[in-house]
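[1] generate coordinates for the sequence data below:
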Amino acid sequence: MNISRTRTGVETRTSKMTTQKALWLPNVGAEFTLGENEIREPGPGEVLVKLEASAINPIDRRIQKEGFSLADKYPAIIGDSGSGVVTKAGDGVTNLVTGDKV
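    Okay, here's the model as predicted:
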């Protein structure tokens, strides 16, 4: 069980999940597949966000069909559009705390 404080000082308790669902791209030109991904702890300057909404955008479909230099290792998880709630902040994060909506 993780316990953290929010901006208002309220404690929140969450059970620790070790995996999450993710949309994987097995290879260039392949169909996306739903699978599991390990949840890692946020590093310095990073936050862990529990996604509440995400999207596949036209650029994601283009990467799926043609590839992209940033997704050079497959299988890959691509995409960067989403919104949710911060569940943990790494060292040095001062502008976001647990419970912030992002």
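
[2] can you pull out the strands in this structure?
    With DSSP state E applied, the chain shows strands at 2-5, 11-14, 19-25, 33-38, 47-54, 76-77, 82-89, listed in chain order.

[3] surely Met17 and Glu38 touch.
    No: at 10.1 Å, Met17 and Glu38 do not qualify as touching, with contact defined as C-beta atoms under 8 Å. C-beta: built from backbone N, CA, C; applies to glycine.

[4] could you list the low-confidence segments of the chain?
    In the predicted model of the chain, residues 1-15, 71 satisfy pLDDT under 70.

[5] how far away is Lys88 from Ser54?
    For Lys88, the distance to Ser54 equals 19 Å [C-beta to C-beta, to the nearest Å].

[6] more crowded one of these two?
    With neighbours defined as other C-beta atoms under 10 Å, Lys88 and Ser54 compare such that Lys88 has more, 19 against 13.

[7] identify the residues contacting the spatially closest residue to that one that is not a sequence neighbour.
    Distance criterion C-beta to C-beta, 6 or more residues apart in numbering; nearest residue to Lys88, sequence neighbours excluded, is Leu48 at 4.3 Å. The contact partners of Leu48, taken as C-beta atoms under 8 Å, 6 or more residues apart in numbering, are Ile39, Glu41, Pro42, Val86, Thr87, Lys88, Ala89.

[8] and these, which is closest to Lys65?
    Checking these against Lys65 by C-beta to C-beta gives Ile39 as the nearest, at 28.9 Å.

[9] and for the closest one, the neighbour number?
    The burial count assigned to Ile39 is 16, neighbours taken as other C-beta under 10 Å.

[10] and the contacts of Leu48 as CSV, adding distance to Gly29?
    Rendered in CSV, the data for the contacts of Leu48 read as follows (distance: C-beta to C-beta, whole Å):
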residue, distance to Gly29
Ile39, 28
Glu41, 34
Pro42, 33
Val86, 35
Thr87, 35
Lys88, 36
Ala89, 38
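
[11] quick one, which of those are buried?
    With burial judged by 16 or more other C-beta atoms under 10 Å, the buried subset of the contacts of Leu48 is Ile39, Pro42, Val86, Thr87, Lys88, Ala89.
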